[in-house]
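Enquirer: Sequence and predicted model, in that order:
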Amino acid sequence: MLYSVRGKLIQTTATGAVVECGGVGFLCQTTLNTLKTLKPGSEVMLYTYLNVREDAMELFGFATKTELDTFKTLISVSGVGPKAGLALLSELSPEQVAMAIATDDVKTITRAQGIGKKIAQRIVLELKDKLAKAAASDSGFAPVSAAAVSAAGGNVSKAIEALGVLGYTPAEVSPVLAQFDGNLPVEQLIAMTLRQMGRQ
């Protein structure tokens, strides 16, 4: 419904930002990582997600499309609400979230405030399961996927898997990753790929 808001940043709080658009101030709940990029008084643009409940409507805003997409992926997990999604993305970048899920790194996920071991395990389990199902049903890309992963070096194949957690197929990301040095750290490869694809 609301794709984004653009306007003057008139105020920030510990957990949100107020963006004035056409004389109306929109309070967007957001992550610490997004808040760090915002300067009061400047023009900002936030990608938004509107959460409608029986008793309230909440607007969430993010500095990058990748952060928004990761937030929506996280809250699709049963038992993970917007508050937990914000907490996780305040502690970790989308790239770190994807890597943690792809490598079964429950400990990293539990670094986020309010995320216990059981919820972290559920996030890893459900999202890896979704990734596996998506790969299995994506028959058109399967030959490319297998070739891309087997031909790629260790860090590149890890980056392909982590980007899969964020919803990208190997066919989409392999040509982009091929432009970079495969010996770079995995998180850097993920960030560079997302930037090249215009998601940051």
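Expert: Looks like it came in fine.

Enquirer: looking at the chain, which helix or strand does the model trust least?
Expert: Within the chain, no helix or strand scores below helix 142-151, which has a mean of 40 by mean pLDDT, DSSP states H and E.

Enquirer: Taking the centroid of the chain, which residue is nearest it?
Expert: residue 70 (2.4 Å; Cα atoms, centre = their mean).

Enquirer: Surely that residue and residue 96 touch.
Expert: No. The criterion here is Cβ atoms under 8 Å, and residue 70 misses it with residue 96 at 9.9 Å. All C-beta spots, glycine's among them, are computed from the backbone N, C-alpha and C.

Enquirer: ranges for the helices of this structure?
Expert: Using DSSP state H, the helices found in the chain span residues 32-35, 65-75, 82-91, 94-102, 106-109, 117-137, 142-151, 154-165, 170-177, 186-196.

Enquirer: show me where pLDDT drops low in the protein?
Expert: 1, 131-153, 199-200 (pLDDT under 70).

Enquirer: ok so, going back, figure out which of the helices of the chain is closest to residue 11.
Expert: helix 32-35 (11.5 Å; Cβ to Cβ).

Enquirer: which outside residues touch the closest one?
Expert: For helix 32-35, the external contacting residues (Cβ atoms under 8 Å, 6 or more residues apart in numbering) are 12, 17, 46, 61, 62, 63, 67, 89, 90, 91, 93.

Enquirer: and those, which are buried?
Expert: 17, 46, 61, 62, 63, 67, 89, 90, 91, 93 (16 or more other Cβ atoms under 10 Å).

Enquirer: What residues does residue 75 make contact with?
Expert: Residue 75 touches 81, 82, 84, 85, counting by Cβ under 8 Å, 6+ apart.

Enquirer: distance of the second one from residue 172?
Expert: Just to be clear, that refers to residue 82. Distance, residue 82 to residue 172, using Cβ to Cβ, to the nearest Å: 28 Å.

Enquirer: Show me what the closest residue to residue 11 other than its chain neighbours is bridged to.
Expert: Excluding its sequence neighbours, the residue lying closest to residue 11 (Cβ to Cβ, 6 or more residues apart in numbering) is residue 18, at 4.3 Å. Beta-bridge partners for residue 18, by DSSP bridges, are residue 11, residue 27.
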